[in-house]
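Visitor: A predicted structure for the sequence below; I have some questions about it.
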Amino acid sequence: MEKIKTRVISAQLDKADFLTLSAALYKRGAKAAGWWARLEPFVAAAIGMVGGYAGMFALGAQTPLAIAVGVVAALLVTFAATSRARRRQLKGLLRQDGAFLRAFHISADQDGVLVESDVSSLRVKWAGVFGIEATPNLVLIFIDKANAIAIPLRAFADVTAMNAFADELRFLRRRANEAWSKGKDVAA
């Protein structure tokens, strides 16, 4: 049986691609989890502070102003901690020797997607691919709700070629899923 295979795409991401990818992942995560996922840490901190200060106020030890200050402080501390952790994560990913900025090659066949760089490789079966989206600047292969393989537009001749590659990936994924549901091997 002959394997169906896409062409090999060579690409390298840059820092601007990272920002585009982060925005797309955030948007997708916000859609999947809803508005509560974005507010949950802040609400938890606020409830904790209000509860603590309200308890102290009930004992006569605090004033209503202290409650308001506690809530504001909790929100600021939560935001600062989240921002600092995110900045630290970004710095690690965007190091010149980091995995995100390395050149890579990507191809796909009826079994899944293969991404290879000079230091690592990743093989994802089609069952592990949650979706394929083409944005104006990237092809995104989602491997879960918060992670995606990104292929920048500059890896293709033009937008039409990028969209054609995304369509090839969707075709292979659909074909693999249909074969899997019928309990067959995917063949040419």
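Guide: Right, received. Where do you want to start?
Visitor: can you list the domain ranges for this structure.
Guide: What automatic domain parsing lists as the domains of the chain is 9-26+97-180, 34-93.
Visitor: which stretch in the ones you listed has the least confidence?
Guide: Among the domains of the chain, domain 34-93 carries the lowest mean pLDDT, at a mean of 65.
Visitor: Just grab the bridge partners of Ile149 for me.
Guide: Beta bridges link Ile149 to Ile141, judged by DSSP bridges.
Visitor: isn't it right up against Ile141?
Guide: Yes - contact criterion C-beta atoms under 8 Å: Ile149 and Ile141 qualify, at 4.2 Å. Placement of C-beta: from N, CA and C, glycine included.
Visitor: quick one, which of the two is more surrounded?
Guide: The neighbour comparison of Ile149 against Ile141 (other C-beta atoms under 10 Å) goes to Ile141, with 24 against 19.
Visitor: how close does Val115 sit to Ile143?
Guide: To Ile143, Val115 is 10 Å away according to C-beta to C-beta, to the nearest Å.
Visitor: any chance you could map the strands in this protein?
Guide: 9-12, 103-109, 112-117, 121-125, 131-134, 138-142, 148-152 (DSSP state E).
Visitor: Now distance to Ser181 too, for the ones you listed, in TSV please.
Guide: Shown next, in TSV, are those (distance: least, C-beta to C-beta, whole Å):
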stretch	distance to Ser181
strand 9-12	28
strand 103-109	19
strand 112-117	16
strand 121-125	15
strand 131-134	18
strand 138-142	20
strand 148-152	24
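Visitor: Report the set of residues contacting both of Ile149 and Ile141.
Guide: Val113, Val124 (C-beta atoms under 8 Å, 6 or more residues apart in numbering).
Visitor: quick one: contacts for the closest residue to Asp118 other than its chain neighbours?
Guide: Excluding the flanking residues, the one nearest Asp118 by C-beta to C-beta, 6 or more residues apart in numbering is Arg102, at 6.6 Å. Contacts for Arg102 (C-beta under 8 Å, 6+ apart) come out as Gln12, Ser117, Asp118, Val119.
Visitor: what's the farthest-apart pair in those?
Guide: Largest separation among the contacts of Arg102 by C-beta to C-beta: Gln12 and Val119, giving 13.5 Å.
Visitor: And these two? Which one has more around it.
Guide: Taking neighbours as other C-beta under 10 Å, Gln12 and Val119 compare with Gln12 leading, 14 against 9.
Visitor: Which residue is the nearest non-sequential neighbour of the more buried one?
Guide: Gln12 sits nearest to Ala103 (C-beta to C-beta, 6+ apart), 4.2 Å away.
Visitor: Could you tell me the end-to-end distance of stretch 132-141?
Guide: 5 Å (C-alpha to C-alpha, to the nearest Å).
Visitor: Quick check: buried residues in that stretch?
Guide: Ile132, Ala134, Thr135, Asn137, Leu138, Val139, Leu140, Ile141 (16 or more other C-beta atoms under 10 Å).
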